[in-house]
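S.K.: Model the following, please.
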Amino acid sequence: MPDGRVEGNAHTGPRPAADVLFGAELLASLYDVLDPDRSDLEVCAKLIEEFGATSVLDIGCGTGCLVTLLPSRGISVIALEPALATSSLRAAGRLCSD
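M.R.: Take a look at the predicted model:
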């Protein structure tokens, strides 16, 4: 929708987009390409391990890079992402696959 809103459902109707730029699937698919250095993920994972966390709530998880890293370390993750296009691509396994 041109006014920065995204389609809702029969119950909610149109609602403001969490991130207008990443409401579009094409732009969401470029997110990781435009920011390839994810050395921050290892730092985050080490901090989580140092705190002894066994589960993490990742609010604004974006393309899910941290979400895909943590389970291999025995940490369960609940991921929340308000940008619908990014969530859809991540659910389809089209982001952060490596």
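
S.K.: Now the spatially most central residue of the chain: phi and psi?
M.R.: Centroid-nearest residue in the chain: residue 62, 2.2 Å away (criterion: Cα atoms, centre = their mean). Backbone geometry at residue 62, expressed as degrees, to the nearest 10, gives phi 60, psi -130.

S.K.: helix, strand or coil for residue 56?
M.R.: Secondary structure assignment for residue 56 (DSSP: H, G, I helix; E, B strand; the rest coil): strand.

S.K.: Give me the distance between it and residue 86.
M.R.: Relative to residue 86, residue 56 is positioned 18 Å away (criterion: Cβ to Cβ, to the nearest Å). All C-beta atoms are positioned from the backbone trio N, CA, C, and that covers glycine.

S.K.: More neighbours: which of the two?
M.R.: Shown here are residue 56 and residue 86; by other Cβ atoms under 10 Å, residue 86 has more neighbours (26 against 19).

S.K.: And the average pLDDT for stretch 38-58 is what?
M.R.: For stretch 38-58, the mean pLDDT works out to 95.

S.K.: which residues touch that stretch?
M.R.: When contacts are defined by Cβ atoms under 8 Å, 6 or more residues apart in numbering, stretch 38-58 is touched by residues 32, 65-67, 69-70, 73-80.

S.K.: Type out the ChimeraX command that picks the buried ones from the residues you listed.
M.R.: In ChimeraX, this line selects whichever of the contacts of stretch 38-58 come out buried by 16 or more other Cβ atoms under 10 Å:
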select :32,65,66,67,69,70,75,77,79
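
S.K.: What about the contacts of stretch 38-58, which are in helices?
M.R.: Using DSSP state H, 32, 65-67, 69 are the members of the contacts of stretch 38-58 that sit in helices.

S.K.: could you dump the residues you listed to JSON lines with pLDDT?
M.R.: Shown next, in JSON lines, are these (pLDDT from 0 to 100):
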{"residue": "32", "pLDDT": "80"}
{"residue": "65", "pLDDT": "88"}
{"residue": "66", "pLDDT": "91"}
{"residue": "67", "pLDDT": "89"}
{"residue": "69", "pLDDT": "92"}
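
S.K.: Cool, thanks, signing off.
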